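# Just the structure for this:
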Amino acid sequence: MIDPIRLYTDGSSKGNPGPGGWGVVLIWKNHRKEISGGEQYTTNNRMELTAVIEGLKAIKKKDIPVYIYSDSSYVVNAIENNWLQNWVLQGFKKKLNEDLWREYISVAQDFKELKFNWIKGHAGHPENERCDKMAVEEASKFSNEDSITNKI
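Reported below is the predicted structural model:
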């Protein structure tokens, strides 16, 4: 059996919308990589989905199964319950984040196997907690810039 790549993700926004951030922890065998980023004005759901997309983009070995762990019911249910497939068939009518979902589809098609797993957020899971910390730190960078700009 091939050891899967484990991709842990989280997103955060201060305000919804507001400054946001995302964090990713990738683990494969004894290798670990952390990446994060953020945006000035976004939503929590956009950051949750961006974390998955950016995590997948960081993976070079597309033929290894990837197990994705997220505390976002929105993201996990969209994939595992075929909501996304239905949204595509309906032309994304009245659905938010079409741009990111289309990017996810484009990135995901290169992988042999993706399996989404929901984990409870803020429940002490080490990788989820690390992702949350990175996401909050990224969002804070933007909120600090915003507060400085408002004082000028």
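# Could you use CA atoms for every contact and neighbour count after this?
OK.
# How many residues are close by Asn97?
Close neighbours of Asn97, defined as other Cα atoms under 10 Å, add up to 14.
# how about low-confidence regions in this protein?
143-152 (pLDDT under 70).
# In it, what residue spans correspond to strands?
Assigned by DSSP state E, the chain shows strands spanning 5-13, 18-28, 31-42, 66-70, 114-118.
# which of those sits most buried?
Of the strands of the chain, the one with the most neighbours on average (mean count of other Cα atoms under 10 Å) is strand 5-13, at a mean of 28.
# Tell me what angle it forms with strand 18-28.
170 degrees (axes from the mean of the first three to the mean of the last three Cα atoms, to 10 degrees).
# The chain should start at 176 in everything you say after this.
Yep, numbering from 176; the last one is strand 180-188 now.
# Strand 180-188 vs strand 206-217, what angle?
20 degrees.
# show me what contacts Val311?
By Cα atoms under 8 Å, 6 or more residues apart in numbering, the residues touching Val311 are Gly186, Ser187, Ser188, Gly195, Gly196, Trp197.
# The third one contacts Arg221, correct?
Read it as Ser188. No - applying Cα atoms under 8 Å as the test, Ser188 and Arg221 come out as separate, 9.1 Å apart.
# Out of the contacts of Val311, which comes closest to Trp258?
Lowest distance from Trp258 to the contacts of Val311 (Cα to Cα) belongs to Gly186, with 20.1 Å.
# What distance do you get for that closest one to Gly198?
In this structure, Gly186 and Gly198 are 6 Å apart, going by Cα to Cα, to the nearest Å.
# do Lys290 as well
From Lys290 to Gly198 the distance is 19 Å (Cα to Cα).
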